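Peer 1: below are the sequence and a predicted model for it; my questions follow.
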Amino acid sequence: MKKSIQTFSDLIKLRVSLLITLSTAAGFILAKGFEAEIAFPVFGVFLLAAGSLALNQVQERKIDALMERTKKRPLPTGRLHVKSAVMISLVLLVLGSSILFIKTNLTALALGLFSVIWYNGFYTFFKRRSAFAAVPGALIGALPPLIGWTAGSGSLFDPKIMAVAFFFFVWQVPHFWLLLLSSGDDYEKAGLPSLQRVFTKEQIARVTFIWILATAVTGFMIPLFDVVNSFWVNLFFLLSILWLIVNAVKILREEEREEASRFAFNAINIYAFFVISFLSLSRFLSLFLPN
């Protein structure tokens with residue numbers, strides 16, 4: 001039983017699915033507050049994300065088998081048969097879509113389905129042909145908070161949620177390129193287009209660091225769109241930015257770049273979690289702490 005749960009968790013990339021779900025929750029909370037109906041878009045998006053990530057592992061199982069970072073996933077190791085993985089992914093996608101259709105609205109459903117098509121269709125196809133697939137692929141990161149916001153009856157093009165969505169768009173690029181810095185040889189081994197064919201590792205590190213700075217600044221810009229009005233939340237945003245930059249600057253040093261890249265990868269994911277948490281908790285903070 002324990003092995004089956006672990007296999008399922010690995011197939012749906014549970015930590016990634018949960019982060020996507022949290023950004024959806026933040027979008028809903030910003031639009032409507034802490035209402036019980038938040039469960040529907042959150043659970044619906046979780047199932048869609050899990051199904052999409054599982055389907056991606058089916059699509060890339062042969063490539064995964066060639067890479068050190070991914071060769072222990074369920075399909076390359078034989079822990080799970082391809083047919084079973086396809087069935088699991090389809091069930092998750094149907095259930096997630098059904099929840100969004102029945103319990104939210106057509107806009108949230110359309111955004112959810114578009115994210116699956118963009119990830120499993122465009123991005124999965126394009127990453128095998130271009131080293132720069134992460135940039136258009138980053139659109140995937142912007143969609144979950146939009147789904148939560150529109151499920152909470154927010155306007156799709158409201159500047160507040162656009163600022164939040166833009167943050168997650170920018171964040172997605174260094175999230176991927178930090179993996180490349182620490183596992184670039186893996187991508188070469190698997191025959192995937194790699195930035196190492198275009199830039200040196202030092203140049204990749206510099207470009208990635210600029211993207212990390214852009215992520216930090218974009219996060220700090222969110223309060224400027226009147227998303228939150230708490231002095232304490234703004235202070236937390238600033239402190240988290242400083243923390244991220246301090247942890248990221250080490251990737252510029254050649255002697256510790258590989259280890260620093262792995263640490264910065266974790267740091268930028270934690271920073272995204274900080275942003276989600278600050279946005280979600282801002283209403284509570286504003287009630288108990290002075291602006």
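Peer 2: All right, it came through fine. Residues are numbered from 1 along each chain as shown.

Peer 1: going forward, measure contacts between C-alpha atoms and count neighbours the same way
Peer 2: Will do.

Peer 1: how many neighbouring residues does Thr200 have?
Peer 2: Per other C-alpha atoms under 10 Å, the neighbour tally for Thr200 reads 11.

Peer 1: how about the one 10 residues further on?
Peer 2: Neighbour count for Ile210, taken as other C-alpha under 10 Å: 15.

Peer 1: again, but for the one 3 residues further on
Peer 2: Applying other C-alpha under 10 Å, we find 20 other residues in the vicinity of Leu213.

Peer 1: any idea how far it lies from Tyr271?
Peer 2: From Leu213 across to Tyr271, the span is 12 Å (C-alpha to C-alpha, to the nearest Å).

Peer 1: Ala50 contacts Ser9, correct?
Peer 2: No: contact status for Ala50 versus Ser9: not in contact, 9.1 Å apart, counting by C-alpha atoms under 8 Å.

Peer 1: give me the more crowded residue out of these two.
Peer 2: Between Ala50 and Ser9, counted using other C-alpha under 10 Å, Ala50 has the larger neighbour count: 28 against 16.

Peer 1: Ser155 - how many residues pack around it?
Peer 2: Neighbour count of Ser155, defined by other C-alpha under 10 Å: 15.

Peer 1: check which residues of the helix or strand harbouring Glu259 are buried.
Peer 2: Element membership for Glu259 (DSSP states H and E) is helix 257-288. Buried residues in helix 257-288, defined by neighbour count with 16 or more other C-alpha atoms under 10 Å: 257-258, 260-265, 267-269, 271-272, 274-276, 278-283, 285-286.

Peer 1: and it, what does it pack against?
Peer 2: Counting contacts by 3 or more C-alpha pairs under 8 Å, 6 or more residues apart in numbering; DSSP states H and E, helix 257-288 packs against helix 14-32, helix 159-189, helix 231-248.

Peer 1: now the first one: average pLDDT?
Peer 2: Helix 14-32 shows a mean pLDDT of 93 in the predicted model.

Peer 1: and it, what's buried?
Peer 2: Neighbour-count burial for helix 14-32 [16+ other C-alpha under 10 Å]: 14, 17-32.

Peer 1: check the last one too.
Peer 2: If you call a residue buried by 16+ other C-alpha under 10 Å, then helix 231-248 has these buried ones: 231-234, 236-238, 240-241, 244-245, 247-248.

Peer 1: farthest-separated two in those?
Peer 2: Phe231 and Ala248 (25.8 Å; C-alpha to C-alpha).

Peer 1: return the distance of the residue nearest to Thr104 when sequence neighbours are not counted relative to Phe169.
Peer 2: Distance criterion C-alpha to C-alpha, 6 or more residues apart in numbering; nearest residue to Thr104, sequence neighbours excluded, is Ala151 at 5.3 Å. Distance check for Ala151 against Phe169: by C-alpha to C-alpha, it reads 20 Å.

Peer 1: these two: which is more packed in?
Peer 2: When neighbours are counted by other C-alpha under 10 Å, Ala151 and Phe169 differ, and Ala151 comes out ahead with 30 against 21.

Peer 1: quick check on that one: phi, psi?
Peer 2: phi -70, psi -30 (degrees, to the nearest 10).

Peer 1: hang on, isn't it packed against Ala110?
Peer 2: No: taking C-alpha under 8 Å as the definition, Ala151 is not a contact partner of Ala110, at 11.1 Å.

Peer 1: what is the nearest of the buried residues of helix 231-248 to Pro144?
Peer 2: Phe237 (20.9 Å).

Peer 1: related to what we said a few turns ago, looking at the helices and strands packed on helix 257-288, which is closest to Glu60?
Peer 2: Of all these, helix 159-189 comes closest under C-alpha to C-alpha, at 12.4 Å.

Peer 1: what angle do the helix or strand just after that closest one and helix 257-288 make?
Peer 2: Sequence-wise, the next helix or strand downstream of helix 159-189 (DSSP H and E) is helix 201-221. Interaxial angle, helix 201-221 versus helix 257-288 (axes from the mean of the first three to the mean of the last three C-alpha atoms, to 10 degrees): 0 degrees.

Peer 1: what does helix 201-221 contact?
Peer 2: 163-164, 166-167, 170-171, 173-174, 177-178, 181, 195-196, 234, 237-238, 241, 244-245, 248-249, 251-252, 254, 268, 275 (C-alpha atoms under 8 Å, 6 or more residues apart in numbering).
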